[in-house]
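*Asks:* Model the following, please.
(chains A and B)
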Amino acid sequence: MSLTPFARVDESTGSERASRRPRRLGRFVLPTYSWLVIAYLVFPIAVMIVYSFNRVISGLQLVSFAWNGFTFQWYEQWRSIPGLTSAFWLSIRLALVSTVIATALGTLLAIALVRYRGSKFRGKGGIEQILFLNIAAPEIVMGASLLGIFVTFNIARGFLTLVLAHVMFSIAYVTVTVRARLAGFDVSLEEASYDLGASPLGTFRLVTLPLIMPGVLAGALMAFALSIDDFVTSNFVSGSSVPFPVWVYGASRVGTPPQVFVFGTVIFSVGIVFALLSLGLSKKRA
Amino acid sequence: MDEGRYARRIQYEMTDGQVNTVNHSDGPTGDAGTDGAKVNVRLEHVTKTFDDVPAVDDLNLKINEGEFFSLLGPSGCGKTTTLRMIGGFEEPTSGRIMLGGRDVTYMAPYHRDVNTVFQSYALFPHLDVFENIAFGLRRRKVDKAEVRRRVGAILEVVDLPDFERRRVNQLSGGQQQRIALARALVNEPKLLLLDEPMSALDAKLRHQMQIELKSIQSRVGITFLYVTHDQEEAMTMSDRLVVMRQGRIEGIGSPKDVYDNPSTEFVATFLGASNLLTGEVARRDGSVTTIDLTNGSTLSVPTSRLPDQLTSTTVKVGVRPEKISIVAANATVGPNQNSLRGRVRVSTFTGVGNQYLVEMASGADITVYAQNIGEELAPRSGDEVLLSWPVEHTFAVRPMESGLSGEESES
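*Replies:* Model (predicted):
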């Protein structure tokens, strides 16, 4: 892009040839670079998708990275490994529950942070710092300390501790996303709602929530994505309930069954669909 | 034609009383205001301070039923705070707000029979025009067929039929303003508050909307309380207005009263242009008081137009630029006229008239505005002239306290 102004200078002073070359080059530099970055990002996912269709010829039904031919076998037999299937459903349940809780709490926190300041909300700056710390802190530290807390207070590790942990690390992301949406919110819209006879609760339901909904949905999507593939924290606090990433990690030490790629591909596809829907929605609302 | 329909509908609801029993009937203690009209809104010693700084300072005000009333003043004068207290968006620090005989000082905005047209219009962007207008009716559980009918009728009133399914962000500024007006009016409130609703419109549209707003108001008969910093706007539309400064009322009355007989120096300069000359009260001869100007001339002022409580004999004598006739220096002046001599310094042709800056012997300038009626020979700059105007068009005000004269500097 920075080549363009120089090219213009050339054009006005000198020969046409000299001016055209850098411009033509410049036109390709950025797009090429962009596609390379995208390829870099997508490559591992592409490998997973491609090898979810790979035939296995050895006796053990484990992933091998030699191409043995195309098959739908693993999609047809997606439920054939009981531990993997139950781990997958556990992860889905866990993600749904923690997303709902984290989105509700995070949204309310975002509203409080945007609406109240000064003497109405002492310690607001501290809360903002903690939110940032929560995002920036290494997960391994949080996972280890959470385990410490649960052991100290003798809380049995399982679904409950998983939900507590996932809600905890998701809230900050929801809050940050919703707060960005609230930043440009015209408070007189809420006043207009009161003015027309809506109670504070009615105003929240009829005016505030619909208007910040794209932000709330984006936050929820983020929370869901964080939860469904969380390994580090979950590994510490899962106990006897094994979610999908923890199961995959355990299995990979022996060898990965191809069904893992099937689940991975499905999770990715569903994620893509939701991301596109969210994008479309926020475009429409904007 | 839809005027009649609308009026009839209000009539219907008054007698039926089903939708809004409080509406359009004064409360039990409804009392008589000026001219025997019913008082709709009453502010009693209303004060509002923000961090110990008074925004509204001991305000007393009565607004009559069906009146188009304006709060006029520069930014920071407390007019918007006053409006917000009546709407219920701010609580007074002290004092009382009565609406139709009912004390609403601390009542939540969603319980008040008041609707507001916001400066930003505050239309709900996620709802279409119909749902925006129906919002208030739905909150009051008006039945569906009735909602349809009333939304349709009010869209006729604001002259935007067939706009029901438009999205709000597809509308122009002027259309948004009409929808904001419709959304408030459809509830047939006891009082409609308008917070500088014209400020986002361009000059031409603003002028057109002023006339239309006034005609809608007289059609629906609802009390309008209009806040503006635009003196022309306030004068065009209002039945009565107040001029506010620093949280206090500086002048109140009909636009003509306040304009022709300003009560303070601030009103004289804020509302239109005034020529103000400092002088001392010399003597009172019955209905006329003579004032000696510091430049040596003498002017007469009707005694009734002297400020009520004079703390000193120093006053400022004023006359509006359009009240002055400008004639050749050797002309004679009739009885009951004030006159001053000077030399034309600047003469400007504005199309509809001529504006002159006439320099007195003392060095002070007097502005004169003469309408372009195409007869007399206009004086040119450098000409010696005689300025004259009827005594009854002369007023006197107390000089503004020097400490407060820079009142535009509040922030």
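*Asks:* can you tell me the average pLDDT over stretch A:256-264?
*Replies:* Averaging pLDDT along stretch A:256-264 gives 90.
*Asks:* do stretch A:203-212 as well
*Replies:* The model assigns stretch A:203-212 a mean pLDDT of 94.
*Asks:* Check the offset of it from the chain's centre.
*Replies:* Put simply, stretch A:203-212 sits 24 Å off its chain's centre (C-alpha atoms, centre = their mean, to the nearest Å).
*Asks:* Would you map out the domains in chain B?
*Replies:* B:2-258, B:273-401 (automatic domain parsing).
*Asks:* didn't A:Ser227 look like it was pressed against A:Arg93?
*Replies:* No - in this structure A:Ser227 lies outside contact range of A:Arg93 using C-beta atoms under 8 Å: 10.3 Å. For every residue, glycine as well, the C-beta is placed using N, CA and C.
*Asks:* Looking at these two, which has the bigger crowd around it?
*Replies:* A:Ser227 (27 against 15; other C-beta atoms under 10 Å in any protein chain shown).
*Asks:* For that one, give me its contacts.
*Replies:* A:Ser91, A:Leu94, A:Ala95, A:Ser98, A:Thr99, A:His166, A:Ser170 (C-beta atoms under 8 Å, 6 or more residues apart in numbering or on different chains).
*Asks:* Reduced to three states, what does the fifth one come out as?
*Replies:* The reference is to A:Thr99. Classification of A:Thr99 using DSSP: H, G, I helix; E, B strand; the rest coil returns helix.
*Asks:* Near it, how many other residues are there?
*Replies:* Neighbour tally, A:Thr99, other C-beta under 10 Å: 24.
*Asks:* Please report how far it lies from chain B.
*Replies:* 23 Å (C-beta to the nearest C-beta, to the nearest Å).
*Asks:* tell me which element B:Ile154 falls in.
*Replies:* helix B:144-157 (DSSP states H and E).
*Asks:* Using CSV, lay out the contacts of A:Ser227 together with secondary structure and distance to B:Leu271.
*Replies:* CSV is the format used below for these (DSSP: H, G, I helix; E, B strand; the rest coil; distance: C-beta to C-beta, whole Å):
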residue, secondary structure, distance to B:Leu271
A:Ser91, helix, 72
A:Leu94, helix, 69
A:Ala95, helix, 66
A:Ser98, helix, 64
A:Thr99, helix, 60
A:His166, helix, 65
A:Ser170, helix, 60
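*Asks:* For the domains of chain B, state which one has the densest average packing.
*Replies:* domain B:2-258 (a mean of 19; mean count of other C-beta atoms under 10 Å in any protein chain shown).
*Asks:* can it be found next to chain A?
*Replies:* Yes - using C-beta under 8 Å from any C-beta of the partner chain, we find that domain B:2-258 touches chain A at B:87-89, B:108-110, B:114-116, B:118-120, B:122-126, B:135-136, B:139-140, B:183-184, B:187.
*Asks:* Please work out the average pLDDT along that domain.
*Replies:* The pLDDT scores in domain B:2-258 average 85.
*Asks:* cool, and stretch B:268-286?
*Replies:* 87.
*Asks:* show me the residues around A:Val242 that make contact.
*Replies:* A:Val242 makes contact with A:Gly83, A:Ala87, A:Leu90, A:Gly250 under the criterion C-beta under 8 Å, 6+ apart.
*Asks:* That one looks like it's in a helix, true?
*Replies:* No - with three-state DSSP as the criterion, A:Val242 is located in coil rather than a helix.
*Asks:* Chain A against chain B: which residues are in contact?
*Replies:* A:186, A:188-189, A:191-199, A:202, A:206-207, A:210-211, A:285.
*Asks:* redo that, cut-off 10 Å
*Replies:* By C-beta under 10 Å from any C-beta of the partner chain, the residues of chain A that approach chain B are A:186-200, A:202-203, A:206-207, A:209-211, A:213, A:285-286.
*Asks:* Can you list which of these are found in helices?
*Replies:* Using DSSP state H, the members of the residues of chain A next to chain B that fall within helices are A:187-195, A:200, A:202-203, A:209-211, A:213, A:285.
*Asks:* Only alpha carbons, please: show stretch A:226-238 as CSV.
*Replies:* Only the C-alpha atoms of stretch A:226-238 are listed here, as CSV (Å, rounded to 0.1, in the frame of the first residue of the first chain):
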residue,chain,number,x,y,z
LEU,A,226,-13.4,-21.1,25.4
SER,A,227,-15.2,-23.7,27.4
ILE,A,228,-15.5,-26.5,24.8
ASP,A,229,-11.8,-26.7,24.1
ASP,A,230,-10.4,-25.9,27.4
PHE,A,231,-7.8,-28.4,28.5
VAL,A,232,-5.4,-26.8,31.0
THR,A,233,-7.9,-25.7,33.7
SER,A,234,-10.2,-28.7,33.1
ASN,A,235,-7.4,-31.1,33.5
PHE,A,236,-6.8,-29.8,37.0
VAL,A,237,-10.5,-29.7,38.2
SER,A,238,-12.2,-32.4,36.2
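*Asks:* Off-centre distance for it?
*Replies:* The answer for stretch A:226-238 is 14 Å, by C-alpha atoms, centre = their mean.
*Asks:* Out of the residues of domain B:2-258 next to chain A, name the ones that lie in helices.
*Replies:* Using DSSP H, the subset of these located in helices is B:Gly87, B:Phe135, B:Gly136, B:Arg139, B:Arg183, B:Ala184.
*Asks:* Distance-wise, check A:Phe224 relative to chain B.
*Replies:* 24 Å.
*Asks:* ok, now which ones touch that residue?
*Replies:* A:92, A:95-96, A:98-100, A:102-103, A:166, A:170, A:270-271, A:274 (C-beta atoms under 10 Å, 6 or more residues apart in numbering or on different chains).
*Asks:* how about those residues in JSON lines, adding pLDDT and distance to B:Arg178?
*Replies:* Below are the contacts of A:Phe224 laid out as JSON lines (pLDDT from 0 to 100; distance: C-beta to C-beta, whole Å):
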{"residue": "A:Ile92", "pLDDT": "94", "distance to B:Arg178": "51"}
{"residue": "A:Ala95", "pLDDT": "96", "distance to B:Arg178": "48"}
{"residue": "A:Leu96", "pLDDT": "96", "distance to B:Arg178": "46"}
{"residue": "A:Ser98", "pLDDT": "97", "distance to B:Arg178": "48"}
{"residue": "A:Thr99", "pLDDT": "97", "distance to B:Arg178": "43"}
{"residue": "A:Val100", "pLDDT": "98", "distance to B:Arg178": "42"}
{"residue": "A:Ala102", "pLDDT": "97", "distance to B:Arg178": "43"}
{"residue": "A:Thr103", "pLDDT": "97", "distance to B:Arg178": "38"}
{"residue": "A:His166", "pLDDT": "96", "distance to B:Arg178": "50"}
{"residue": "A:Ser170", "pLDDT": "95", "distance to B:Arg178": "45"}
{"residue": "A:Val270", "pLDDT": "90", "distance to B:Arg178": "46"}
{"residue": "A:Gly271", "pLDDT": "87", "distance to B:Arg178": "45"}
{"residue": "A:Phe274", "pLDDT": "85", "distance to B:Arg178": "40"}
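*Asks:* Alright, calling it a day.
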